[in-house]
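[1] Need coordinates for the following:
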Amino acid sequence: MQVIKTLFKRQLIRLMLLITPLLFGGYASAEAILHAFDWHYDEVAAKATEIKNLGYKAVLVAPPLKSNAANCAWWQRYQPQDIRVIDHCKGNKQSFVNMINALNDSNPARKVDVYADIVLNHMANERGGATDFPGQAALNSYSSNSSYWNNQKLFGNLSQGLFSPWDFNPANCISNYNDVWQVQNWRLCGGAGDSGLPDLNPNNWVVQQQRAYLSALKSLGVKGFRVDAAKHMSNWHINQIFTSTIKNGMYVFGEIITSGGAGNNEYNSFLSPYLANTDHKAYDFPLFNTIRSAFGFGGSLSQLVNPAAYGQALQNNRAVTFTVTHDIPTNDGFRYLIMDPTDEYLAYAYVMGRDGGKPLIFSDSTGTDNNRWVNAYKASHISKMLNFHNRMQGQGMEMLAWNDCAILFRRGQEGVVGINKCGSSQNFNVNTNGRFYWYRNYRDALSGANLVYISGGNYTFSIPARQARMWYAD
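    As a prediction, the model looks like this:
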């Protein structure tokens with residue numbers, strides 16, 4: 001029976017690829033997000049003009065909360081001590097506001113929105129497993145240095161604590177990541193006796209404080225929220241926090257890590273219900289896994305023709321697309337997902353060339369992997385792909401040709417993208433009638449050359465080995 005189901009699925013995929021005209025995308029707005037991972041807020045502000053000139057439309061920044069300012073390890077920003085103030089190794093409320101102002105612009109076309117990474121699932125693992133936050137030492141500091149801390153305050157009364165032991169779920173560690181109840185109500189623990197991150201209970205008090213937190217950030221000018229560890233929160237809790245007032249005018253997307261799309265247990269148990277029961281966007285892990293499979297040994301780039309048609313990519317208007325996230329290189333459990341550098345380059349051409357989703361460009365400050373992603377936001381290939389991406393806004397998408405090694409697709413009449421993962425050049429002869437401008441140069445954004453000039457009803461596009469071409473109409 002399983003063999004029959006597998007064969008049926010394969011035939012269905014082939015049928016969809018053959019009969020679908022593949023003019024899809026819905027003209028979705030797909031403005032790119034720079035993930036300034038663990039950058040100091042002052043660094044983002046200092047580079048505001050450069051970020052605008054490169055063409056980014058949003059920057060995702062470090063969580064605005066109080067964490068251990070004496071420890072600059074990136075994960076400290078994901079262990080909140082207090083959400084009523086902003087103070088950590090990468091900045092405080094003053095630098096946060098200054099960054100927002102620096103990214104603003106009198107010219108709306110150049111304005112860059114700030115998306116805040118927010119941590120709502122848990123508090124810090126510290127002080128011997130205590131569950132009173134922020135703790136007496138912090139309250140004493142608030143009192144003795146009230147001038148400073150009032151300047152960092154977002155909301156609330158700093159003379160009192162925020163959360164008490166009854167605001168947390170029982171101190172049980174998740175042991176079965178396929179059990180939805182455990183994943184959404186128990187603690188993330190590191191093993192070897194680790195007591196885990198205190199998991200917040202969605203009672204009325206907790207929800208009220210979380211709403212106040214998001215409202216305060218919104219009032220400062222934040223335009224979007226990345227919900228960290230959304231997989232570990234119930235959809236009911238998420239919907240209680242994100243009222244229509246908070247969501248109005250905001251871009252909200254959740255982090256729900258899965259190892260596949262439709263048919264995958266993680267997708268069926270967590271991501272699919274999240275999309276069905278909220279109106280939020282999400283990281284497109286189904287597409288990421290499709291990309292990895294397509295570029296992997298034995299994979300076929302035909303898998304990238306229309307993966308959403310068979311549930312292996314999110315719908316365009318719900319997707320944040322990527323080739324690497326901060327968790328992949330910085331967490332041992334996800335490092336197997338790191339792509340070969342050339343494959344990552346080619347995958348970026350796909351993500352930045354296609355219509356749909358908001359591409360997220362990871363630019364690291366930790367220096368992991370010999371600084372591989374440090375300053376990635378302005379790498380030559382990224383800036384050129386971003387230029388192409390912005391040129392193609394509002395253009396539909398049609399797949400023109402594909403095989404195991406390569407794909408070719410157009411963006412309206414304005415552009416065409418070719419990607420070749422194999423070790424020999426690939427040629428595709430396509431009908432150009434009504435698809436392209438004739439007697440006009442198309443220039444490759446990546447090289448500035450490799451001109452295409454169409455003067456008849458057919459043209460053969462050539463894509464070199466292990467390369468991409470992103471031609472745009474001059």
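
[2] what's next to stretch 454-469, contact-wise?
    Surrounding stretch 454-469, the residues in contact under the criterion CB atoms under 8 Å, 6 or more residues apart in numbering are 342, 345-346, 349, 353, 406, 408, 416-433, 436-440, 442, 444, 446, 450, 452. Glycine gets a C-beta too; all of them are placed from N, C-alpha and C.

[3] now that stretch, how far from the centre of its chain.
    Between the mean C-alpha location of stretch 454-469 and the chain-wide mean there is a distance of 31 Å, by CA atoms, centre = their mean, to the nearest Å.

[4] Narrow the contacts of stretch 454-469 to those in helices?
    When helices are assigned by DSSP state H, the members of these inside them are 342, 345-346, 349, 353.

[5] For PyMOL, write the select line for the buried members of these.
    Buried residues among the ones in helices among the contacts of stretch 454-469 (16 or more other CB atoms under 10 Å), as a PyMOL selection:
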select buried, resi 345+346+349+353
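
[6] And the ones in helices among the contacts of stretch 454-469, which is closest to Gly412?
    The shortest gap between Gly412 and any of those belongs to Gly353, at 12.5 Å (CB to CB).

[7] how far away is that closest one from Asp113?
    Distance from Gly353 to Asp113, counting by CB to CB, to the nearest Å: 23 Å.

[8] And Arg335, by the same measure?
    As it turns out, when the distance is counted by CB to CB, Arg335 lies 31 Å from Asp113.

[9] Which of the two has more residues huddled nearby?
    Applying other CB atoms under 10 Å to Arg335 and Asp113 shows that Asp113 carries more neighbours, namely 20 against 13.

[10] Pretty sure the more buried one sits against Tyr251.
    Yes - here Asp113 lies in contact with Tyr251, judged by CB atoms under 8 Å, at a distance of 7.4 Å.

[11] shared neighbours of the two, which are they?
    Applying CB under 8 Å, 6+ apart, one finds that Asp113 and Tyr251 are jointly contacted by 58, 223-224.

[12] Take those and keep only those in strands.
    Under the assignment DSSP state E, those contribute 58, 224 to strands.

[13] Now render the ones in helices among the contacts of stretch 454-469 as CSV, adding distance to Asn277 and pLDDT.
    Below are those laid out as CSV (distance: CB to CB, whole Å; pLDDT from 0 to 100):
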residue, distance to Asn277, pLDDT
Thr342, 39, 98
Tyr345, 37, 98
Leu346, 35, 98
Ala349, 34, 98
Gly353, 32, 98
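
[14] which one of the ones in helices among the contacts of stretch 454-469 sits closest to Lys281?
    Proximity of the ones in helices among the contacts of stretch 454-469 to Lys281 (CB to CB) peaks at Gly353, which lies at 20.2 Å.

[15] Now the buried members of the contacts of stretch 454-469.
    By the neighbour-count criterion of 16+ other CB under 10 Å, the contacts of stretch 454-469 include these buried positions: 345-346, 349, 353, 406, 408, 416-421, 426, 428, 430, 432, 436, 442, 444, 446, 450, 452.

[16] What lies in contact with stretch 124-143?
    Residues external to stretch 124-143 that are found in contact with it (CB under 8 Å, 6+ apart): 66-68, 79-82, 123, 149, 158-165, 167-168, 171, 194-198.

[17] Extract the CA atoms of that stretch and return them as PDB.
    Extracted C-alpha coordinates of stretch 124-143, given in PDB (Å, rounded to 0.1, in the frame of the first residue of the first chain):
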ATOM      1  CA  ALA A 124      15.900  33.300  31.700                       C
ATOM      2  CA  ASN A 125      17.400  30.200  33.300                       C
ATOM      3  CA  GLU A 126      19.300  31.800  36.200                       C
ATOM      4  CA  ARG A 127      19.400  32.300  40.000                       C
ATOM      5  CA  GLY A 128      19.200  28.600  40.900                       C
ATOM      6  CA  GLY A 129      16.000  28.100  38.900                       C
ATOM      7  CA  ALA A 130      14.200  30.900  40.500                       C
ATOM      8  CA  THR A 131      10.900  31.900  38.900                       C
ATOM      9  CA  ASP A 132      10.500  35.500  40.200                       C
ATOM     10  CA  PHE A 133      11.500  38.000  37.600                       C
ATOM     11  CA  PRO A 134      13.400  40.200  37.300                       C
ATOM     12  CA  GLY A 135      14.600  39.200  40.800                       C
ATOM     13  CA  GLN A 136      15.400  41.200  43.900                       C
ATOM     14  CA  ALA A 137      18.900  42.300  42.800                       C
ATOM     15  CA  ALA A 138      17.400  43.800  39.600                       C
ATOM     16  CA  LEU A 139      14.700  45.600  41.600                       C
ATOM     17  CA  ASN A 140      17.400  47.000  43.900                       C
ATOM     18  CA  SER A 141      19.300  48.300  40.900                       C
ATOM     19  CA  TYR A 142      16.100  49.900  39.500                       C
ATOM     20  CA  SER A 143      15.700  51.700  42.900                       C
END
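
[18] got the buried residues for that stretch?
    Residues of stretch 124-143 classed as buried by neighbour count (16+ other CB under 10 Å): 124-126, 131-135, 138-139, 141-142.

[19] same deal with stretch 95-112?
    Residues of stretch 95-112 classed as buried by neighbour count (16+ other CB under 10 Å): 95-100, 102-104, 110, 112.

[20] The residues you listed: which two are farthest apart?
    Comparing every pair within the buried residues of stretch 95-112 by CB to CB identifies Ser95 and Arg110 as the most remote, at 21.6 Å.

[21] quick revisit: if we only consider the ones in helices among the contacts of stretch 454-469, which is nearest to Gly91?
    Relative to Gly91, the closest of the ones in helices among the contacts of stretch 454-469 is Tyr345; by CB to CB it sits at 31.7 Å.

[22] which residues does the closest one contact?
    Taking CB under 8 Å, 6+ apart as the definition, contacts of Tyr345 comprise 381, 468.

[23] how about a cut-off of 10 Å?
    Taking CB atoms under 10 Å, 6 or more residues apart in numbering as the criterion, Tyr345 is in contact with 323, 339, 379, 381-382, 385, 419, 446, 466-468.

[24] where exactly do the strands run in the stretch 301-450 of the chain?
    Per DSSP state E, counting those that start in this stretch, the stretch 301-450 of the chain carries strands over the ranges 319-321, 358-364, 397-402, 406-411, 415-420, 426-431, 441-444.

[25] quick one: which of these is nearest His35?
    With distances scored as CB to CB, the stretch of these nearest to His35 is strand 358-364 (4.9 Å).
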